[in-house]
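1. The following block contains a protein sequence and its predicted model.
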Amino acid sequence: MRYTEKKLFDFMDSEREVCVTCTDGQIFSGRCWAYCAVENEEEGGVFEPSLDVGPGTVLYISRIEKIEFID
């Protein structure tokens, strides 16, 4: 499934825990924080929105296969 930057922010704004499955099969779960493409470009040179799930796990939108609420 393809997600938009807005959808990533919707998941963050819900303040619910999520389970994120990546395109390589890795799974991450917990509260999430969304970052816009512009912010990621300024911080790390990658113009792509991302989702931070758990401590230090930044997942760019191109790596995200599926996002589901845990509860």
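-> All right, it came through fine. Numbering: from 1, shown residues only.

2. Strands along this protein, start to end?
-> Taking DSSP state E, the strands of the chain run over residues 18-22, 27-30, 32-35, 50-53, 58-60, 64-69.

3. Which residue lies closest in space to Phe9, excluding its sequence neighbours?
-> Ala34 (4.5 Å; C-beta to C-beta, 6 or more residues apart in numbering). Yep, even glycine has a C-beta here, placed from its N, CA and C like the rest.

4. That neighbour is in contact with Thr4, isn't it?
-> No - Ala34 lies out of contact with Thr4 (C-beta atoms under 8 Å); the separation is 10.7 Å.

5. what about those two, which has more around it?
-> More crowded of Ala34 and Thr4, by other C-beta atoms under 10 Å: Ala34, with 19 against 10.

6. List the beta-bridge partners for that one.
-> Note on Ala34: beta-bridge partners by DSSP bridges are Leu51.

7. Let me see the contact set for it.
-> Glu5, Leu8, Phe9, Phe11, Met12, Pro49, Ser50, Leu51, Asp52 (C-beta atoms under 8 Å, 6 or more residues apart in numbering).
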